[in-house]
Every structure is written in structure tokens, then in C-alpha cells.
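K.L.:
Fold the following and give me the result.
(chains A and B)
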Amino acid sequence: MSAELDLAGRVVELVRQQAGAGAEAEVVAVHSADALTRFANSAIHQNVAEATTSVQLRLHLDGRTAGGSTTVTSAEGLTSLVERTVAAAGLAPRDPNWAGLTAPTPLRPSGAFDEATAAAGPGERAARVRDFVDAAGGLETAGFCRTTYVSGGFANSAGQAVTGRSAEAAMDGIARFEGADGVARLAGGKLAAIDGGPLGARAAAKARAGSRPIELPPGHYEVVLEPTAVSDVLDNLATWGFNGKAFAQHQSFAELGAHQFDDKITITDEPLGATLPFDLEGTPRDTLVLVRDGVTQAVSHDRTSAAEAGGVSTGHASGASRSWGPMATNLRLSPGPVTNAVPEEAIGPTAASARALVSRMRRGLLITDFWYTRVLDQKSLVLTGLTRNGVWLVEDGEVTAAVSNMRFTQSYPQALAPGAVLAVGADALPLPDRWSGVRYTAPALHLAAWNLTGNASG
Amino acid sequence: MSVDHFDEAGAAVQAALDAGARYADARVMLRRTESMSARDGDVEDLSSGESAGIGVRALVGSSWGFFAVPDLDDAAARAAGRRAAEIAAASARVPGPAIDLVRSEPVTASWASACEIDPLSVPLSEKGDLLVAATAAARDAGADLAEGIYQIWDTRKWFVSSDGHRIDQHIRECGAGVTASAFGDGEIQRRSWPSHRGQYGTRGWELVHELALTDNAARMAEEARALLTAPLCPAGETTLILGGEQLALQIHESVGHAIELDRILGWEAAFAGTSWLDLAQLGRLRYGSDLMNVTIDPGIPGALGSFGFDDEGSPAVKRDAVRDGIWVGVLAGRDSAAMAGLDYAGSVRADGWARLPMVRMTNVGLEPGPHTLDEIIAATDDGIFMDINRSWSIDDRRLNFQFGCEIGYEIKNGKRGRMLRNPTYTGIGPKFWQSMDMLSSETVAWGTPNCGKGQPGQVGHTGHPAAPARFTNVRVGVRA
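P.N.:
Just a heads-up that it's a prediction; the model follows:
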């Protein structure tokens, strides 16, 4: 038994002692060791690590529900957690939406776990930063290298008891040249597979190719989105569209069984190996097909949204899912067929996974990354945001000029609608989210139109 | 637990010094949280949390290290201090320029935010009844979806530095809000009271009483439904009048973040971004019109960004950021200020014990103007009034912004006219601020409890005094 499962089991037993056998309790205990080495102006300026154990309890008692959490895991701390959560449940208004506990259910096999990544120290992260900085050839650089280890245990009063662990490594950095930024990022389960050198060289190549940009007028442009930009599309589809609560409350565009996307679009959520193999309600995680060949197949559910929508939990409960809705955080856009039409370039602005798509674009924009994307209308999933880290004009399959950053206002489902996707890149890259540690796997996308609504002049 | 935690913080600092640090500080923090959300007359979620731990920062040579653990015994604190120094030593593999810290007077002090009604002592049933009643009122008035939320944070912290600081603080924050949504054919309209995600402050539950959620919930529902059939906000350039809540977020995004010294120095270049501001122009650059006077003031009673001392031990001091339209000040920390050649810090904060203190907004807001909203509307022949934020987006240099608001109104011949749906506006920061030609005196210190920055991510609580204001030649009505 893991230490975390032992902790969770002790809390379930404390609930039984304090609130009786009729109390429904679910407990997750997580030990996490997060470390992030951050650099700017080509020097490490922030270098942090934490080792934390936390316990979360959710309790349903006499028709009322309350949740509690603590980082104080002594006997006294656990007793306090149970006492205040039982007291809160007693005082809370009635909860008609309680969806019950997860029955004992075995976990899916979750793949390899890399001990070396879990145990990585600051020296290993600093070495990758050193390589990134050196490979940028004297350009100013900034970014991070991080490692994360999570070990968790779940127990509930219905008898579900599961445990698991995961490790993740990621690097994300920019190089800067004459006001232009270029980016490279990569995530995965093994720190050993992340080499700062190629990432630094890629970022520098983009930065050098991005200097002296021209300004283009707003309008609808054909675009090739590099994987880094596609990951933002996946992020927003997951957060607002495939969110089970939003779906149940008719705030999502998603219609199960409807042909809402181009035939080339297949999107799955693939959490196994990337995170704990169970969610906060103890539901085993598994691959979930959200879109297959353009047809919306599923949305992500916790037990509450599943009950409301008449479905079953897909293993996406989180601490915030009852309020903000269950969200898939490991989306993968399936790559397209392999083409060998374009030779590898040693240096240039275009990521390898986007080169074949660029070569077939008559006139349009190559966009590296999106930034600060925010929803204007949730139902149609219209967002505004900006390009970042490199935009280029492409004419007759060749990059002809760097372009200054532009603002867009665009419905994401509309951009991926039937007939709107001209091609999907053949290589899908695992990419870290810049904020929270989730990750997406994305190829490049060639789209018929993207609505650019502003430029550097406004 | 003991009454105070200076001993543990001091032990961590000493261990970091013993391990080679030339400066170290440590914060022990205990935080209790509570939140509840309700939907359509039912409680949806009720959660409480307790978090306790110590975060230690060590400066070895010119390199920083930080380590945090949830254990508060002496041995764990010392181990954390040593780990922070070890991490700092590893940072030296990719070293930067020499780091100095601007002087911060060593002080032994205690500070607490004012609180009339301890929000954690208010019975859960009373708090639940409030959200149930407010959301039921909105639902009964025609909302397709009515949501309510309150949040409470109760934070105690003990700070010790090797420069001689020993400071404890007790900060209580809370707030609440209600939102009504109406579903139309392919779109959703939303109205929120008193603001997007609610109003928050460093106050007790008396703040929530003053919000009168239930009294305003029905009107929110009626306005959300009315928006479904209101005409679209027209596209083009016009005179724009912003309500105070929207102006607060405009300040946050296009002034507050832009004057963060770590951004200006490039420390956030890869993620949050940089700033269009150049330190060489500090004291000379025209940011806005003469009406624009922005202060950095962590001492405003009850505002969400208020404290007695920041997380480096610098006392709360009011400073000018923009005076008569000229950029004159920044949000700074002890190391960034020294690097920039400035002599003040005071704006460094951390989201909990497990996070590195970094430059953050405190209360950044506009001083009141000479007008009222009624006077501004009366003085406007042709324009649009927009209020309550719905969406926000700005580029990584804090120049090119686009905001959406929940509701708009035509202004014709000095009077408020038709309601407008999906109002949006866009612009470039300094051009926008230089077009501000009328500013109200009706200031409210709006609280923003969801300011994201840093890697690993940190959520900051900031305050923004703001009042309605008018801007000329603004592009509105941007849509897909």
C-alpha cells in the first residue's frame, strides 16, 4: 500500500468513526514534488521546488455535501479536516445534485513511469537551460525547464481504493532577436528525452527569421497553425466545448453524433501515463474519443455532470469540476497522413511538422503561437486573442516575409468545420501548457480561413 | 500549533545562511479558505481548505533558490533552508549579473486587515441561504441559468529575513457575486452583479452584506433576457464611456501589468510577457491625458490588494505610477529595483507558502476625476456606454487590447438610449489613455481575485480604484 493510499484510508475511517457508517466519503491524498528552473536574459533567475502532501475529502451526510482539504497530514491535522468537513456538511443546505460514490473499479494499465524524471535535481534542469542558451548562439533567451512527480491514493466508503503515480518533464523557451521572438517547447514523461540544445536552436532560428516584420491589414487569411498554436485550439475546445457541465447546461456547441468538424479531425483525451490513473472521485481514467472523423462522440464528465446529462463519468473530476465543469487536460489531435514532399531544412522559421503544409499554401500566414485567448461567446466558442512568437507571410509555398503580431476574433469550431480543414500535419508533438502542467499533443493544421481583426496599429 | 512561527522561519533563514547564502528570507503561512457556489436555487459546491507550510528564499552569489515544504517543525524548516541554498547554487550554472537588494529597514511589526464580521464565523447555513435566495430570485425572474458564489481567504503569515525583519500579518479577504444567463438561438447573454465573478476586498462579511445580491438578482435576469433581442453593438469608431468596473480591468491589464518592473526588465519575457515601457523614459513618457493619475497604494482600507508589508518585508507605501498623464513609477521588488537603479520596492507578493514571491500589483487605480457619470453622459452627443467585463485579452507587451462587456447602451444627444448586445472595444494602450477626456469622481476599489502570473502559476489578489470615464475615437463592435 502506498503512503498516500494509507492516508486516504485513514481519513475514510475517521469519517466512519465521527459521522457513522451512513456517511459517504471520498478521499484523495497526493504527494507532489514540483521543480521549475526558470531563465530570462539568458540566466537562471528563478529556481524553485516544493514537496507537498495534500488531502482532499468530500463528504455526503444526511443529504448535504461538503468538501475539505488540508496540507497538515499529522493525526491532529487529519482529525481536524474530518471534524470541520462533518460540521460543514451538517450546516450546509441540502444538495439535490449528489451523484453518489464510485463503486470498486479496477484501473487501466497506465504505462511506463520514469524514476529518473521523478528524482531529477536542479543540476539536471540547469544543464538543459545551459544547452538551450548556448544553442541560441548569443541571442537573448528566456523560458523554463520543469520536472513533476505525483504519487496519489484514493479511497472511498464504497470500497474503491486505488493508487498510482506519474512523472512529467517539460521545457519551453524563447530566443529574441531585434524585437522578434521565436519559441520551442516540448513535454514528455522522460527528462532524458528533452534536449535543450535543439530547442534553443529552433527558437533562435525562428527569432532570426522574424525580424523586420511587415504589417498586414486585418481580414480572413488562409493559415498554417504550428503545433504550438494548435495546442491553444485544443485547450479552448476542452475547457469550454467538451466540458460536461457546459454541455449539460446547454452552454457548449457540442452535439453528440453531429458532424461538427471536418472529416480530418479526430480528437482524443489520453491521460494514461501523463497524470494519475484516476480522478478525484476515484473513477479510472482512460482514453476518451471526443471527435472521430469529424463527428462529436463524447464530452468529459465527472459524476455530477454525467448524472445531469444522463451519461457516465469519464474520469474527469477535479477540485473545481463541480463549479467550473470537468475538463479534459491531455488532448491529442490525431496527425494526418505522412507526406515526404518537402526536404528537411536546417534553418528556417517553419517547424518540421508544418513544412509540408506550408509548401502547399498559395498565399496565407504561418502562425507559430497564440496568446491571451479569451471567450467572447461560449456557445459558438468565439474567441479573441493574439499571435505570438512568429508570424510569416507564405506565398506559393515559400515564406516571403515576417509579419508583425495580429489580433484575431474567431469561432474555433467554425475554423475546424466540415470543409475548413485543408490538411493536418503528419507529426504530433507533446507540448506543455505554459501555466498549469497539463499537456497537449498536436500536429500542425492547414485551415482555409482565420479571421484576423487587428494588427500592431490597432 | 504554536501561536507564532517566527522560530521556524528564523531557523530556515539561519540554515540557508549556514549553507552559503548571503541573504535569505522565509515565510510561514497558514491559510484557511472557504467557498460556496449555488445554481438555480441549490447549493452546488461547498469547500473549505487549510494549508500550512514554509517557503524559503536563498541568494547565493548572484543566484536565487527557493524551496517549500508543508512541515513546520524546526528540523524541516532547517532542511528547507539548506535545500533553498542548494538550488541557488545550481542556478549558478547559468549565472546572471550581480544582484543587489535595495535597502529595506529591518522592522519588527504586526499588522491585520480590518474586519467587522469574521467571514469564517458566519454560519454556513446563513451563507448558503444567501446564495440560494439570490440564484432563486434570478431564476424566478427568467434566467435560464443563475449562479452565485462567495469566497473567503484567512491568511496568517510570519516573515523573517536575514536583514532583520520579523513581521506577522493577518489578512482576511472575502467577496461574492451573482450571475444570470439567458440562452438564445446559438448565443448566451449574461449579466453579473456587482461585477464579473463578484466584488472582493480585505474586509469581513460586512462587504457581502453591502452587495445586496438578492435585491439585484432579478434585474440581472431581466437584463440578460432583454439582451437576447437587443441590437448588436455597431462596428466603427465612436466615443466610448466605460463603467467603473470595466475601467478597473482596463487599468489592471493595460497599466498595472505594464508597470511591473520584472516585465520591464525581461524577467517574464517567455510567459507573461514584457512591457512597452522603457525605463529610460521613466519620468518623461506621456502615458495618458492630463486626467490620468494612477497610484500604487497598498494601504487603502478594505481594498483587495492591501497589506501592511509585502512579502519581502517592505512597508505599504503609496506611490505615483502616472501623474498628470506622465509615467513616473513602477511596481518593484528589492532585487528588480536595484537592477533598475531605483530606490524603492514594496510590491512583491506570493500566492501561498509554496510559491516564490514576485512583483505583483497591489492596489493600482485612478484617482477620482471632476465629473459624474450623469454629467459624462449628458455631455456626449453620440457614443456608447459599456459596463461589466465579459472578456479580456491583451498582447504580451500590454499594448494591443480587446475587451468585451456584458451590456452596452447607445448614447444620443446626452441621453442613454437603446440597450446593445455583445459590446466590444479595442485599441492601443497609450493612444487609448491619451483620449480620456472626462473622468468621474464616483470611485470604487474593485477587487480582482484571479490575476495569473508566474511559473509555476500564481493567482494574485489585486485592487483597482476606478470610476466611469470617457474616451474618444475608440474602435468598437469587433466580432467574428
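K.L.:
in terms of contact, does residue A:273 touch residue A:108 like I think?
P.N.:
No - using C-beta atoms under 8 Å, residue A:273 is not in contact with residue A:108, being 10.3 Å away. In short, each C-beta sits where N, CA and C put it, glycine included.
K.L.:
more neighbours, these two?
P.N.:
residue A:273 (19 against 15; other C-beta atoms under 10 Å in any protein chain shown).
K.L.:
what about the more buried one, distance to residue A:318?
P.N.:
18 Å (C-beta to C-beta, to the nearest Å).
K.L.:
Start from the N-terminal end of the stretch 151-300 of chain A and give the helices.
P.N.:
A:196-209, A:227-236, A:244-248 (DSSP state H, counting those that start in this stretch).
K.L.:
Can you lay out these as a markdown table showing mean neighbour count and distance to residue A:221?
P.N.:
Below are the helices of the stretch 151-300 of chain A laid out as a markdown table (neighbours: other C-beta atoms under 10 Å in any protein chain shown; distance: least, C-beta to C-beta, whole Å):
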| stretch | mean neighbour count | distance to residue A:221 |
| --- | --- | --- |
| helix A:196-209 | 24 | 19 |
| helix A:227-236 | 26 | 13 |
| helix A:244-248 | 25 | 29 |
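K.L.:
what's the closest of the ones you listed to residue A:307?
P.N.:
Closest approach to residue A:307 among those is made by helix A:244-248 (8.8 Å; C-beta to C-beta).
K.L.:
Can you tell me what sits against the closest one?
P.N.:
A:240, A:252, A:254, A:299-302, A:304-306, A:308-309, A:311, A:314, A:316, A:321, A:324-326, A:378 (C-beta atoms under 8 Å, 6 or more residues apart in numbering or on different chains).
K.L.:
all helices for chain B, in order.
P.N.:
Assigned by DSSP state H, chain B shows helices spanning B:6-18, B:74-91, B:124-140, B:206-211, B:213-229, B:244-251, B:261-264, B:334-340, B:373-378, B:429-434.
K.L.:
Now render the ones you listed as TSV, adding mean pLDDT and mean neighbour count.
P.N.:
As requested, the helices of chain B are exported to TSV (pLDDT from 0 to 100; neighbours: other C-beta atoms under 10 Å in any protein chain shown):
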stretch	mean pLDDT	mean neighbour count
helix B:6-18	98	23
helix B:74-91	97	23
helix B:124-140	96	22
helix B:206-211	98	18
helix B:213-229	98	20
helix B:244-251	98	26
helix B:261-264	98	26
helix B:334-340	98	23
helix B:373-378	98	18
helix B:429-434	98	20
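K.L.:
re earlier: can you lay out the helices of the stretch 151-300 of chain A as TSV showing mean pLDDT and distance to residue A:22?
P.N.:
Shown next, in TSV, are these (pLDDT from 0 to 100; distance: least, C-beta to C-beta, whole Å):
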stretch	mean pLDDT	distance to residue A:22
helix A:196-209	97	55
helix A:227-236	97	41
helix A:244-248	96	28
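K.L.:
could those helices be laid out in CSV, adding distance to residue B:140?
P.N.:
CSV is the format used below for the helices of the stretch 151-300 of chain A (distance: least, C-beta to C-beta, whole Å):
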stretch, distance to residue B:140
helix A:196-209, 56
helix A:227-236, 33
helix A:244-248, 21
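K.L.:
tell me the contacts of residue A:291?
P.N.:
By C-beta under 8 Å, 6+ apart, the residues touching residue A:291 are A:260-261, A:265-267, A:297.
K.L.:
So which of these is the closest to chain B?
P.N.:
residue A:260 (13.2 Å; C-beta to the nearest C-beta).
K.L.:
Can you give me the distance of the residue nearest to that closest one when sequence neighbours are not counted to residue A:252?
P.N.:
Spatial nearest neighbour of residue A:260, chain neighbours left out: residue A:296 (5.0 Å); criterion: C-beta to C-beta, 6 or more residues apart in numbering or on different chains. According to C-beta to C-beta, residue A:296 and residue A:252 sit 10 Å apart.
K.L.:
Over to residue A:165?
P.N.:
33 Å.
K.L.:
okay, these two: which has more neighbours?
P.N.:
residue A:252 (23 against 19).
K.L.:
got the contact list for the closest residue to residue B:333 other than its chain neighbours?
P.N.:
For residue B:333, ignoring the flanking residues on the chain, the nearest one in space by C-beta to C-beta, 6+ apart is residue B:348 at 3.9 Å. With contact set as C-beta under 8 Å, 6+ apart, residue B:348 has these partners: B:310-312, B:314, B:333-334, B:357-360.
K.L.:
6 Å - rerun?
P.N.:
Taking C-beta atoms under 6 Å, 6 or more residues apart in numbering or on different chains, we find residue B:348 in contact with B:310-312, B:333, B:357, B:359.
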